[in-house]
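Colleague: Show me how the following folds:
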Amino acid sequence: TAKVRANRLASELKVFFGWASSLRGLEIGLEENPARRLADLRYPEPPRKRNFSIEEIGWYFRAVAEEEERDFRRGFVLLLLTAVRISELRNAQSREVADGIWTIPSGRSKNEQAHSIALGPWARALMATNAEWIFPAPKVDGPRKSGWYKARDRILARMAAYAGRPIDHFVPHDLRRTMRSNTKRLKIDFETAEAMLNHLKT
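Modeller: Below is the predicted model:
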């Protein structure tokens, strides 16, 4: 029933068995990749086009402001302000921020290119911390990786309550798309807008 998850699992299996059969296959009796045809079974995935309207952005900020846990309040505002991927945000370290510039190192960006983001006053305040991680895990040494999607569900429910109607489901990447779609309205030129998202020139 979860077609997108099935596609992701098939991709993971194809990569894993491809590695196993090419590097260790002869030793373990795996002479060919048993997952090589999994791509033929992929469910079609229409590209997502979800982005927030101006009205939804207002409900979003209101809903985020009522989130009890400070890390999630900070994080979900930063996702929209910076248009980064959620993995880039939740794994952010304080040493990556210097003089109002947040530089995501190449090893943590999707396209393996370092990405520098000029932070405005609000974003600087939201990223300020004395800890090693911008969003430290509450019980272990490391970044906070859990709880983000439950917080998203709470935010979505509050947005629907404010609107008085159901609000279309969103994923964190839709916030990135929302920021990009508003660059035209803000008269930001195409190349600058693409650079803000760390898209490579084609």
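
Colleague: only C-alpha atoms for contact and neighbour calcs from this point on.
Modeller: Will do.

Colleague: which residues are contacting stretch 131-148?
Modeller: Stretch 131-148 has contacts (C-alpha atoms under 8 Å, 6 or more residues apart in numbering) with 71-72, 90-95, 127-128.

Colleague: and these, which are buried?
Modeller: 71-72, 90-94, 127 (16 or more other C-alpha atoms under 10 Å).

Colleague: still on that earlier bit, of all pairs in the contacts of stretch 131-148, which one spans the longest distance?
Modeller: Farthest apart among those by C-alpha to C-alpha are 72 and 95. That separation is 20.5 Å.

Colleague: Now residue 80: closest residue in space that isn't a chain neighbour?
Modeller: Among residues not flanking residue 80 along the chain, residue 175 sits closest, at 5.3 Å (C-alpha to C-alpha, 6 or more residues apart in numbering).

Colleague: Distance check, that neighbour against residue 4.
Modeller: 19 Å (C-alpha to C-alpha, to the nearest Å).

Colleague: Counting neighbours, go ahead and name the busier of the two.
Modeller: residue 175 (26 against 13; other C-alpha atoms under 10 Å).

Colleague: That one falls within a helix, correct?
Modeller: Yes: counting by DSSP: H, G, I helix; E, B strand; the rest coil, residue 175 is located in a helix.

Colleague: So residue 97 versus residue 128, what's the distance?
Modeller: Distance, residue 97 to residue 128, by C-alpha to C-alpha: 9 Å.
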